[in-house]
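**Student:** Sharing a model prediction with you, sequence too.
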Amino acid sequence: MVSTVTNTDVKQKDVDQAVVVAVTFAAVFEPETEDGSSIYRLGVALPLVQVLQRVNERLLEKNPAEHQLFDVILITTESWQQQQNSSIINSTRHHGLEVGRFCFSTEEDYIESLMQNNVQLFLTTDGNEALQATQQGVPSALLDTNWVSCPSEQLRVLFCEKAIFQLNMGSTEASKKSAQNFLAHLGQMKQKFGVFDSPLCFTLVTSHGGKDNCCCALKSLRSLGVSVDEAYCLGGAPRGPILSLLRPHFLLSDGFSLLEG
Amino acid sequence: MVKMSLDAVQVMSGQVKELKVSPSSNGDARGSWEGKEEFDPSQLELTAKPKPPKPENAVTVAVSSRVLFRTEREQKVFEQKGVEEYLRYQIEHENEPFAPGPAFPFVKALEAVNIRLRELYPQSEELFDIVLVTYNHAHVGIRLINTINHHNLFIERFCMTGGSSPIGYLKAWQTNLYLSADAEKVREALAEGIAAATMFMTEKLTEVSQSQLRVAFDGDAVLFSDESERIFKTHGLDKFFEHEKENEDTLLDHGPLKGFLEALGKLQKKFYAKGQRLDCPIRTYLVTARSAASSGIRALKTLRAWGLEIDEAMFLAGAPKGPMLEKIRPHIYFDDQMFHVEGAAEMGTVAAHVPYGIAQKYNSQQKMSSGK
């Protein structure tokens, strides 16, 4: 059974206009608590949660009445986590994370929970969870523990083919639509800032298909209102070295890409 | 945000490497999200285009957009009206290709060599690989891609870093040569051990060969280190000669462009191996102020010891380089001294400045007309 708990420490976001981002417990926290306490240690998603907060701060600086902000919720995806609900709430408040609410669900019903909460982006360190959520129409991204380790003033989003899946999974109509919605939100947030000193940085990396494929991707992102800052067309070269230089917070591949799968 | 009425072009493919797309497979029902879809038939020709080589096998030449194309007008917009206006201007003119810049003939010549190499060695990846590396913003990307297509350039790799330094990417691409309009970036690259040179737009351009790539190098501080240059600058010509005579049998240390000459030599040998020495589409030149009878000997001995062949060596004994270069007509000439670069440009040779060594102290004292 899913329960949703509001974090009273954090000002709640506008239900209609906020962009809901769900991050799993396993991404935000380490599985063990600090010695002798019920406080969980912070995990790999910390820089990401902080940078989402930073984007919100910058948006509010521009417009104190801004409603199109990131609304971060923490979601549990396993029963043992669900049982730790009070420790999780305490740990979140202890660390001062800007998490608006908690969804305590299990492996059976976390996807339902994502949909009920109108989640527009689901971030997890677990490939299976990402896969399943995407198939059900919730745009997902896998957090790579290698890149997310440095704190940043800028949310770096990378658009590429095959962000998560190696096989041709073929996204559904529903997942495409929701992915585009999310991209449109990102694009709108970015438009509020100039080119320099923006808290959002979008990068496109195309591995295959040459420059014309890259050109098409740029155009389709633009038609969604997403203006890309950096573009790398690899022409078949391995993308590892480039990705380690780019250090994105997460990768997205749905909603715009042309060579699918 | 500029609203563009561009339709998204969708190409569906089953496999990634070989894009065998038949017209009927396009327009998949899943992709009905952006109004009508246009199918671009030129996408079908992708099976005919050769695949770009792996970076470690190829001789990678990275060029910036400002040297491959002429972008002075856009530069002015940037300088006078700021970045937002500059980007808007670029998007507005997206379908107008840029005109060729100083590195254009050089890049075309590299492609001509590739065609010959592919004829002789169809499976080999030892080719030139041209990468466009620009710290331009990706907004300009579409215009750049349109321009590349317009001029029929075979460039399938590029980096648009949106303002951050491209040096990391140069290293990731295992770049053998980097050409840019920005001396600062070139210096950064040299400091990281990447052969690099600054190029300038010249008004006069002599015609160069379409079938043979010609690359000319200065000796000191380009192919060789600047040690002798130092002696000359600090102690004068006599001391220089003395030093060279004394050290005739000591090899000179290598300079920043030695590696590139080496890479050219490797490709040349591939033509020789197929009996094409006389018809080789790559020719290299040494154009040095050293004199044949004396100081030049050390240069030749060094090259020989390195196992590098240079096709023609011109020892000018201090005579101006312009007229000699005008005779050679290289696609590019590398020199560490702006004085020579400008002299070459005046006579229509595309010269690139290698900001390395002791001569740079003296360069900054001279008034440079740095054309971009």
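**Tutor:** Cool, the structure landed.
**Student:** Okay, strands next: where are they in the stretch 201-350 of chain B?
**Tutor:** Using DSSP state E, counting those that start in this stretch, the strands of the stretch 201-350 of chain B run over B:213-217, B:282-288, B:312-315, B:332-335.
**Student:** among the ones you listed, which is nearest chain A?
**Tutor:** strand B:213-217 (21.9 Å; Cβ to the nearest Cβ). Where C-beta positions appear, they are placed from N, C-alpha and C, glycine not excepted.
**Student:** which residues are contacting the closest one?
**Tutor:** Contact with strand B:213-217 is made by B:106, B:109-110, B:112-113, B:208, B:223, B:257, B:261, B:264, B:281-287, B:310, B:325, B:328-334, as judged by Cβ atoms under 8 Å, 6 or more residues apart in numbering or on different chains.
**Student:** Tell me the strands beside that strand, with direction?
**Tutor:** Strands that pair with strand B:213-217, judged by DSSP bridges, come out as strand B:282-288 (parallel), strand B:332-335 (parallel).
**Student:** Please identify the most buried of the ones you listed.
**Tutor:** strand B:332-335 (a mean of 27; mean count of other Cβ atoms under 10 Å in any protein chain shown).
**Student:** which residues are in contact with that one?
**Tutor:** So strand B:332-335 is contacted by B:103, B:106, B:197, B:199, B:215-218, B:222, B:257, B:287, B:321, B:325, B:341, B:344, B:349-354 (Cβ under 8 Å, 6+ apart).
**Student:** Neighbouring strands of whichever strand or helix holds B:L177 in the sheet, and parallel or not?
**Tutor:** Secondary structure from DSSP states H and E places B:L177 in strand B:175-180. Strand B:175-180 sits in its sheet next to strand B:59-63 (parallel), strand B:196-199 (parallel), going by DSSP bridges.
**Student:** hmm, who's touching the last one?
**Tutor:** Strand B:196-199 has contacts (Cβ under 8 Å, 6+ apart) with B:67, B:101-103, B:177-183, B:185-187, B:189-190, B:256-257, B:332, B:334, B:350, B:352-355.
**Student:** From the chain's centre, how far out is it? Work that out for me.
**Tutor:** 8 Å (Cα atoms, centre = their mean, to the nearest Å).
**Student:** same question for that strand, mean pLDDT?
**Tutor:** Averaging pLDDT along strand B:196-199 yields 96.
**Student:** Same question for stretch B:62-73.
**Tutor:** Stretch B:62-73 comes out at a mean pLDDT of 94.
**Student:** now do stretch B:237-251
**Tutor:** Mean predicted confidence for stretch B:237-251 is 87.
**Student:** Just the CA atoms of that stretch, as PDB, please.
**Tutor:** The C-alpha coordinates for stretch B:237-251 follow below in PDB (Å, rounded to 0.1, in the frame of the first residue of the first chain):
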ATOM      1  CA  LEU B 237      74.100  35.600 -35.700                       C
ATOM      2  CA  ASP B 238      77.800  34.800 -35.300                       C
ATOM      3  CA  LYS B 239      77.300  33.000 -32.000                       C
ATOM      4  CA  PHE B 240      74.500  31.100 -33.700                       C
ATOM      5  CA  PHE B 241      76.800  29.900 -36.400                       C
ATOM      6  CA  GLU B 242      79.400  29.000 -33.900                       C
ATOM      7  CA  HIS B 243      77.000  27.100 -31.800                       C
ATOM      8  CA  GLU B 244      75.600  25.200 -34.800                       C
ATOM      9  CA  LYS B 245      79.100  24.200 -36.000                       C
ATOM     10  CA  GLU B 246      80.100  23.000 -32.600                       C
ATOM     11  CA  ASN B 247      76.900  21.000 -32.300                       C
ATOM     12  CA  GLU B 248      76.700  19.700 -35.800                       C
ATOM     13  CA  ASP B 249      76.500  16.100 -34.700                       C
ATOM     14  CA  THR B 250      74.200  16.700 -31.900                       C
ATOM     15  CA  LEU B 251      70.600  16.200 -32.800                       C
END
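**Student:** Next, format the strands of the stretch 201-350 of chain B as JSON lines and append distance to B:H235 and mean pLDDT.
**Tutor:** JSON lines is the format used below for the strands of the stretch 201-350 of chain B (distance: least, Cβ to Cβ, whole Å; pLDDT from 0 to 100):
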{"stretch": "strand B:213-217", "distance to B:H235": "25", "mean pLDDT": "96"}
{"stretch": "strand B:282-288", "distance to B:H235": "19", "mean pLDDT": "95"}
{"stretch": "strand B:312-315", "distance to B:H235": "21", "mean pLDDT": "92"}
{"stretch": "strand B:332-335", "distance to B:H235": "22", "mean pLDDT": "96"}
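**Student:** Please name whichever of those is nearest to B:Y169.
**Tutor:** Across the strands of the stretch 201-350 of chain B, B:Y169 has its closest neighbour in strand B:332-335 (22.1 Å, Cβ to Cβ).
**Student:** continuing past the strand holding B:L177, what's the next helix or strand?
**Tutor:** helix B:183-191.
**Student:** send the alpha carbons of that next one over as PDB?
**Tutor:** Included here for helix B:183-191 are C-alpha records, laid out as PDB according to Å, rounded to 0.1, in the frame of the first residue of the first chain:
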ATOM      1  CA  ALA B 183      46.000  32.200 -30.400                       C
ATOM      2  CA  GLU B 184      45.100  31.500 -26.800                       C
ATOM      3  CA  LYS B 185      43.400  28.200 -27.600                       C
ATOM      4  CA  VAL B 186      46.400  27.300 -29.800                       C
ATOM      5  CA  ARG B 187      48.800  28.000 -27.000                       C
ATOM      6  CA  GLU B 188      46.700  25.900 -24.600                       C
ATOM      7  CA  ALA B 189      46.900  23.000 -27.100                       C
ATOM      8  CA  LEU B 190      50.600  23.300 -27.600                       C
ATOM      9  CA  ALA B 191      51.000  23.300 -23.800                       C
END
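**Student:** list the buried ones in that helix?
**Tutor:** B:A183, B:K185, B:V186, B:R187, B:E188, B:A189, B:L190 (16 or more other Cβ atoms under 10 Å in any protein chain shown).
**Student:** Then stretch B:333-349?
**Tutor:** B:333-338, B:340-345, B:347-349.
**Student:** Of all pairs in those, which one is the farthest apart?
**Tutor:** Greatest spatial distance among these (Cβ to Cβ): B:D336 and B:G348, at 20.7 Å.
**Student:** And the helices in the stretch 201-350 of chain B?
**Tutor:** B:227-235, B:237-246, B:258-272, B:295-306, B:322-328, B:338-346 (DSSP state H, counting those that start in this stretch).
**Student:** winner for burial among the strands paired with strand B:175-180?
**Tutor:** strand B:196-199 (a mean of 28).
**Student:** Okay, now the unreliable bits of chain B?
**Tutor:** B:1-49, B:363-372 (pLDDT under 70).
**Student:** if you set the cut-off to 80 instead, what comes out?
**Tutor:** Within chain B, the ranges that satisfy pLDDT under 80 run B:1-52, B:55, B:293, B:362-372.
**Student:** ok so, going back, with distance to B:A58 added, can I get the strands paired with strand B:213-217 in a markdown table?
**Tutor:** Below are the strands paired with strand B:213-217 laid out as a markdown table (distance: least, Cβ to Cβ, whole Å):
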| stretch | distance to B:A58 |
| --- | --- |
| strand B:282-288 | 15 |
| strand B:332-335 | 18 |
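**Student:** Minimum distance to A:L97: which of those has it?
**Tutor:** Closest among those, once you apply Cβ to Cβ, is strand B:332-335, at 55.4 Å.
**Student:** Once you drop chain neighbours, what's closest to A:T24?
**Tutor:** Take A:T24 and drop its neighbours on the chain: the residue closest to it by Cβ to Cβ, 6 or more residues apart in numbering or on different chains is A:T124, 4.5 Å away.
**Student:** okay, now the domains of chain A?
**Tutor:** For chain A, the TED database gives the domain ranges A:3-142, A:155-252.
**Student:** right, is stretch A:228-243 up against chain B?
**Tutor:** Yes - judged by Cβ under 8 Å from any Cβ of the partner chain, stretch A:228-243 comes into contact with chain B at A:V228, A:D229, A:E230, A:A231, A:Y232, A:C233, A:L234, A:G235, A:G236, A:A237, A:P241, A:I242.
**Student:** wait, doesn't the last one sit right on B:K171?
**Tutor:** No - using Cβ atoms under 8 Å, A:I242 and B:K171 do not qualify as a contacting pair, with a distance of 10.8 Å.
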